[in-house]
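>>> Sequence plus the predicted model coming up.
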Amino acid sequence: MQTVAVLSLKGGVGKTTVVLGLASAAMRRGVRTLVVDLDPQCNATACLEPGDTDKGLSDVLANPRASVLRQAVSPSSWGEDVDVLVGSEDAEVHNGGRADERHLAKLDRALAEIDALVAEGELPYRLVLLDCPPSLGKLTRSALVAADRALLVTEPTIFAVSGVQRAFEAVQAEREEHNPDLQPLGVIVNRMRPRSHEHQFRIEELREIFGPLVMPVALPDRLAVQQAQGACLPIHQWGTPGAREVALAFNLLLARALRAGRAQRPEDADEDELDDLDDEE
C-alpha cells in the first residue's frame, strides 16, 4: 500500500484537483484507491460523493481503531475502485494546539490499521491519497508522518513557488524528526499555460531550485477540470479534448507514484500494470 501526501502551503493551487485526478487515473487502471480528506473544507469528499457514514475523519483521529475506520470509510459515487475516508468540518479542532509526537502519530496509527486490513484482504487498497489542508498545522504534519511519499503542488506564479519551497522544507523537517522513510515524490505544476512567458519563467525557476524533482509533465489549464469537478465525475470520463489532455498528464503522474511504490516494496508491484503505465509515457 503506497501512501502519498498531496500538499502545498498556499491555498488555491489545486491540491484537491491533483488528488482527484490521481484517483481518476487509478480507477481507470483498476488500482484500488482510498482518498483521505484531511482538509476541513471537505472538497474532495464533496466531489467524490461517498455514501452516508456514521463516523468521519475527526472521529478517526480521536480514536484510530479499525472499528472506527470501517464506519468512516465509504465507497465513492465514482465506482468500486475509489473509496473515501470522509472529511469532517470539525477536523479543524485537530489542526491547532500542541503538535506533540502522540498527536502527530494518530493518522499513522489509523493507516496502519488499514494496512493490516489490506493484508487480511478486507480492504485491498494499492494507493492511499492524503488531501492535506493548505497550511502547516497538525493535520498536514500528521500526513507527512504517515506518508511514504510527498507530492508538492504549485502553480507557475511567484507566490506559489514560494509556497512550494516552504512545503519542501516542511517535508524535510518531518523526515528528520518523525518519519525517516518519507521521500519527496516530486513537484507538480498545475494550471500551466504553455504560451505564457511568465509560466515558462517560473517553471525554469522551479527546476533551478528542485532539479529533477520537478515533474517533466505539467497539468494544463483547462476548463474541463472545473466542469468535471462540478459534475462530480472523474476527469477520465469527461470526454472533451481538454479533459483528455489533462487525463493523460494524470496517467503519467500516477505511473511515477506507482513506480515509487514498486521501488519501495517490490513484492507489492503488479508488473504488468506498471509496464502498461510506462507505455503511456
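Received the coordinates, thanks.
>>> Give me the contacts around the strand or helix carrying residue 67.
Here residue 67 sits within helix 66-72, counting by DSSP states H and E. Identification of contacts with helix 66-72 by Cβ atoms under 8 Å, 6 or more residues apart in numbering yields 53-57, 59-60, 85-86, 110, 113-114, 116-117. (C-beta placed from N, C-alpha, C; glycine too.)
>>> Weed out the non-buried ones from those residues.
Under a neighbour-count criterion of 16 or more other Cβ atoms under 10 Å, the subset of these counted as buried comprises 53, 55-57, 59-60, 85-86, 110, 113-114, 117.
>>> Of the residues you listed, which pair is most distant in space?
Of all pairs drawn from the buried ones among the contacts of helix 66-72, the greatest distance, 18.2 Å, lies between 56 and 117 (Cβ to Cβ).
>>> tell me the contacts of residue 167?
For residue 167, the set of contacting residues under the criterion of Cβ under 8 Å, 6+ apart consists of 7-9, 136, 150, 152.
>>> Now name the helix or strand holding it.
Secondary structure from DSSP H and E places residue 167 in helix 158-177.
>>> now swap in residue 40 and tell me
Assigned by DSSP H and E, residue 40 belongs to neither a helix nor a strand.
>>> Count the neighbours of it for me.
Neighbouring residues of residue 40 were enumerated by other Cβ atoms under 10 Å; the total is 20.
>>> And the pLDDT at it?
Per-residue confidence for residue 40 comes out at a pLDDT of 90.
>>> ok, now residue 17?
Residue 17 is given a pLDDT of 96.
>>> Then residue 136?
The predicted structure scores residue 136 at 87 on the pLDDT scale.
>>> Now do the same contact list for it.
Residue 136 is in contact with 9, 166-167, 170, counting by Cβ under 8 Å, 6+ apart.
>>> do that again at 10 Å, thanks
Neighbour list for residue 136: 7, 9, 95, 99, 144, 166-167, 169-170, 173-174 [criterion: Cβ atoms under 10 Å, 6 or more residues apart in numbering].
>>> Which of the three states applies to residue 134?
In three-state terms, and counting by DSSP: H, G, I helix; E, B strand; the rest coil, residue 134 is coil.
>>> Which residue is the nearest non-sequential neighbour of it?
Nearest in space to residue 134, with sequence neighbours left out and distances taken as Cβ to Cβ, 6 or more residues apart in numbering, is residue 11 at 3.8 Å.
>>> Could you check the pLDDT of the one you found?
Turning to residue 11, the model gives it a pLDDT of 85.
>>> give me the element it is part of.
When secondary structure is defined by DSSP H and E, residue 11 falls outside every helix and strand.
>>> Residue 154 is in contact with that one, correct?
No. Counting by Cβ atoms under 10 Å, residue 11 sits too far from residue 154 to count as a contact (12.0 Å).
>>> okay, these two: which has more neighbours?
Between residue 11 and residue 154, counted using other Cβ under 10 Å, the more crowded position is residue 154 (30 against 13).
>>> Good, wrapping up.
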